[in-house]
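Visitor: My questions concern the predicted model and sequence given below.
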Amino acid sequence: MLLRLHPDLSASQIGALRQRLRTMGYETRRLDLFSEPVLAAIPDEGAETLDAQTLAGVTAVVPPSPTELASRAARPQGTRVRVAEIEIGGDAVAVIAGPCSVESLEQTLETAIAVRAAGAQLLRGGAYKPRTSTYSFQGLGRRGLEILAEVRARTGLGIVTEVLSPEDVSLVAEHADMLQIGARNMQNFPLLKKVGKLRQPVLLKRGAGATLEEWLCAAEYILARGNDQVVLCERGIRTFEEYTRNTLDISAVAAIHELSHLPILVDPSHATGRRSLIASAARAAVAAGADGVCIEVHIRPEESVSDREQTLSPAEFGAIMQSLQGVAHAVGRSIPPPRLAYFGQAVLAAQ
Ligand code: PEP
Ligand code: MN
């Protein structure tokens with residue numbers, strides 16, 4: 001609920017009201033989106049019904065839209081999300097690349113160095129993997145996170161990695177610069193609530209069967225808890241087509257910009273599932289106005305333990321990066337040049 005407050009309410013009166021709402025089963029947040037003071041009251045399980053008549057200082061109880069905070073109207077100028085030193089949602093197109101799974105230190109480090117040389121700004125890699133088959137490789141877990149942190153120290157690349165369950169959120173947050181919520185977990189509400197408590201950026205992938213409205217409702221779970229560092233990622237939806245792994249919903253890019261202030265990336269790897277189609281899907285994404293792309297790359301793609309058919313070599317990724325430059329330029333965006341070397345503290349210390 002949104003509670004419109006009497007404009008003359010003092011800070012201590014607002015404090016007392018928030019305390020009362022807590023005992024009634026609500027989390028509260030001050031919103032500065034409106035001209036008058038407004039409190040958002042977000043119900044926990046078993047919360048009592050709210051009635052403006054019985055709440056001192058409240059002039060009205062208004063049901064918010066389920067995408068109140070995610071909607072474009074809440075922040076017409078758009079949101080920029082900072083991940084390590086990279087800004088997503090500004091003029092530059094962000095490029096995230098790396099393996100589907102973290103397999104070893106050597107594989108992750110070599111891939112990171114190669115994608116950085118080709119122009120990637122952030123490194124992706126899964127330590128916890130949501131696999132369709134329970135018999136498939138499930139990721140290295142905690143060891144995978146440690147590898148990612150070490151690779152960040154050695155290369156300077158910020159880390160994007162998936163968190164599968166609420167219990168792992170704090171551990172993943174300690175190691176990652178951005179927490180990815182995968183397609184299969186887009187409506188894992190306990191997980192969304194947990195990352196909403198963080199102040200670290202979240203990459204929220206679209207569920208394969210989710211409408212744009214459902215996707216933005218999922219983002220709202222995070223925003224409503226105070227974390228506005230949310231980036232959306234279109235990764236293809238399930239249709240009747242079988243040639244491609246999923247169907248890239250390219251219209252989602254412009255539609256999300258129309259509906260929401262949140263930045264949107266495109267993952268052409270999971271969207272197509274085929275190495276041969278990734279370049280054109282990535283170019284289409286940038287042409288459509290995507291704020292970035294997320295691409296699977298492996299130092300030896302033929303050895304990749306997961307998503308091998310859609311995994312590119314560093315050379316193939318480099319060629320895509322070259323071709324994206326012109327597309328970005330044509331739509332008034334830029335792609336920062338590769339950072340060929342990293343002379344950070346950690347590398348010097350290791351030498
Ligand atoms: C991934 O990024 O490796 C992944 C599992 O993606 P998605 O959740 O989009 O399937
Ligand atoms: Mn994958």
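Guide: Ah, there it is. Residues are numbered from 1 along each chain as shown. Ligands and ions are numbered 1, 2, ... in the order given.
Visitor: Sketch out the strands for the protein, chain order is fine.
Guide: The residue ranges that make up the strands of the chain, judged by DSSP state E, are 2-5, 26-31, 38-43, 58-62, 81-83, 86-88, 94-98, 122-124, 158-162, 178-181, 202-205, 230-234, 264-266, 292-296.
Visitor: wait, which of those strands is closest to ligand 1?
Guide: Each of these was checked against ligand 1 via C-beta to the nearest ligand atom, and the shortest separation belongs to strand 202-205, namely 4.4 Å. C-beta coordinates here come from the backbone N, C-alpha and C atoms, glycine included.
Visitor: Would you mind listing the residues in contact with the residue in the stretch 201-350 of the chain positioned nearest to ligand 1?
Guide: Sorted by distance to ligand 1 under C-beta to the nearest ligand atom, the residues of the stretch 201-350 of the chain start with R235, at 3.8 Å. Residues in contact with R235 (C-beta atoms under 8 Å, 6 or more residues apart in numbering) are A183, K205, R206, A208, N246, V266, D267, H270, A271.
Visitor: just checking, the third one touches A183?
Guide: Yes: here R206 lies in contact with A183, judged by C-beta atoms under 8 Å, at a distance of 6.4 Å.
Visitor: between the two, who's got more neighbours?
Guide: Counting neighbours by other C-beta atoms under 10 Å for R206 and for A183 shows that R206 has the greater number, 26 against 21.
Visitor: tally of neighbours for the closest residue to the more buried one other than its chain neighbours?
Guide: In space, not counting the residues next to it along the chain, R206 is nearest to W215; the distance is 5.0 Å by C-beta to C-beta, 6 or more residues apart in numbering. Using other C-beta under 10 Å, W215 has 27 neighbouring residues.
Visitor: try L145
Guide: By the other C-beta under 10 Å criterion, the neighbourhood of L145 contains 24 residues.
Visitor: Could you report the distance from it to V81?
Guide: 21 Å (C-beta to C-beta, to the nearest Å).
Visitor: And the pLDDT for the residue in the stretch 151-300 of the chain positioned nearest to ligand 1?
Guide: Of the stretch 151-300 of the chain, the residue with the smallest distance to ligand 1, taken as C-beta to the nearest ligand atom, is G182 at 2.9 Å. Confidence at G182, expressed as pLDDT, is 98.
Visitor: where exactly do the helices run in this protein?
Guide: For the chain, applying DSSP state H gives helices covering 11-23, 105-118, 142-155, 169-175, 189-196, 212-223, 251-259, 268-272, 278-288, 314-330, 345-350.
Visitor: With distance to ligand 1 and mean pLDDT added, can I get those helices in CSV?
Guide: As requested, the helices of the chain are arranged in CSV below (distance: least, C-beta to the nearest ligand atom, whole Å; pLDDT from 0 to 100):
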stretch, distance to ligand 1, mean pLDDT
helix 11-23, 35, 95
helix 105-118, 14, 97
helix 142-155, 12, 98
helix 169-175, 14, 98
helix 189-196, 13, 98
helix 212-223, 12, 98
helix 251-259, 13, 98
helix 268-272, 4, 98
helix 278-288, 14, 98
helix 314-330, 15, 97
helix 345-350, 26, 46
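Visitor: deepest of the ones you listed, which one?
Guide: Neighbour counts (mean count of other C-beta atoms under 10 Å) averaged over each of these peak at helix 268-272, with a mean of 27.
Visitor: Can I get that helix in PDB? Just the C-alpha atoms.
Guide: Taking only C-alpha atoms (Å, rounded to 0.1, in the frame of the first residue of the first chain), the coordinates of helix 268-272 have been written out as PDB:
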ATOM      1  CA  PRO A 268      22.000 -13.300 -27.500                       C
ATOM      2  CA  SER A 269      23.700 -16.600 -26.400                       C
ATOM      3  CA  HIS A 270      20.700 -18.100 -24.400                       C
ATOM      4  CA  ALA A 271      18.200 -16.400 -26.800                       C
ATOM      5  CA  THR A 272      19.400 -18.200 -29.800                       C
END
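Visitor: Done for today, thanks.
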